[in-house]
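Chemist: Structure for the following, please:
(2 chains)
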Amino acid sequence: GAGVSQTPSNKVTEKGKYVELRCDPISGHTALYWYRQSLGQGPEFLIYFQGTGAADDSGLPNDRFFAVRPEGSVSTLKIQRTERGDSAVYLCASSLTDRGEQYFGPGTRLTVT
Amino acid sequence: GDSVTQMEGPVTLSEEAFLTINCTYTATGYPSLFWYVQYPGEGLQLLLKATKADDKGSNKGFEATYRKETTSFHLEKGSVQVSDSAVYFCALDPYGNNRLAFGKGNQVVVIP
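Modeler: Okay, the predicted model is just below:
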């Protein structure tokens, strides 16, 4: 079946602009996670959804970052007033339950110029 | 805070050689431990896991044993193949809530 998909695969934006990154989880998966992977580093947890609600958003670096999952399926990560330090690969993962194996998408590479 | 540390630098070895990638962790509780692998052009995949001390996770010829006394979860494979070339990440779930903390990863290159 289809895995986790993320769009766009690449996004280049100018400093100060607003961006949205989309994640389509595996159908039926109730839990959804966002991670950020900077160059040469491992993925860093950002936020976790169980259904429509953010169960844990403690990894969001500041209030420029926000994520939604309004219908409990697709999620959008929103970054306002982007900074060059936001450049990274943003990974999405989903799991059948909040204790299950996480399946990762291919990521969105964000470059802020 | 809870974290994992992986050995520095890429690993280059010949086909059929023995592979070890070191991973040590810091945690206040009893975390679950994982190894994830990222093959070229693909997303992260779970390779193996262990949920309690002395558990051994295994998959595709890879093994790792949860060692509480040394706070380690080293990854081993007895005879690597070219197809094992990938980036390997050690990770832990310190609170049992699926919020993973990853190490920096190790690039493994297997030469024919």
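Chemist: Now do the SS call for the residue lying closest to B:Thr12 once chain neighbours are set aside.
Modeler: Nearest-residue entry for B:Thr12: B:Val109, 4.7 Å, with adjacent residues in sequence omitted and distances by CB to CB, 6 or more residues apart in numbering or on different chains. C-betas here are computed from N, CA, C, even on glycine. The three-state label given to B:Val109 by DSSP: H, G, I helix; E, B strand; the rest coil is strand.
Chemist: Who does the residue positioned nearest the centre of chain A form a beta bridge with?
Modeler: By CA atoms, centre = their mean, chain A has its centre lying nearest to A:Trp34, at 3.6 Å. Counting by DSSP bridges, A:Trp34 is bridged to A:Ile47, A:Cys92.
Chemist: in chain A, what residue is nearest chain B?
Modeler: Evaluated by CB to the nearest CB, chain A has A:Gly42 as its residue closest to chain B, separated by 3.1 Å.
Chemist: Do I have it right that that residue meets B:Phe102?
Modeler: Yes: assessed by CB atoms under 8 Å, A:Gly42 is found in contact with B:Phe102 at 3.1 Å.
Chemist: what is in contact with these two at once?
Modeler: B:89, B:91 (CB atoms under 8 Å, 6 or more residues apart in numbering or on different chains).
Chemist: Test of understanding: give the bridge partners of the closest residue to chain A within chain B.
Modeler: When distances are taken as CB to the nearest CB, chain B reaches nearest to chain A at B:Phe102, 3.1 Å away. In this structure, B:Phe102 bridges to B:Ala91 when assessed by DSSP bridges.
Chemist: That one and B:Thr5, how far apart?
Modeler: According to CB to CB, to the nearest Å, B:Phe102 stands 11 Å off from B:Thr5.
Chemist: which one of the two has more residues nearby?
Modeler: B:Phe102 (22 against 15; other CB atoms under 10 Å in any protein chain shown).
Chemist: where does the more buried one land on pLDDT?
Modeler: Note on B:Phe102: pLDDT of 96.
Chemist: which strands and helices sit next to the lowest-mean-pLDDT helix or strand in chain A?
Modeler: In chain A, no helix or strand scores lower on mean pLDDT, DSSP states H and E than strand A:53-56, which sits at a mean of 90. Strand A:53-56 sits against strand A:44-50, with contacts defined as 3 or more CB pairs under 8 Å, 6 or more residues apart in numbering or on different chains; DSSP states H and E.
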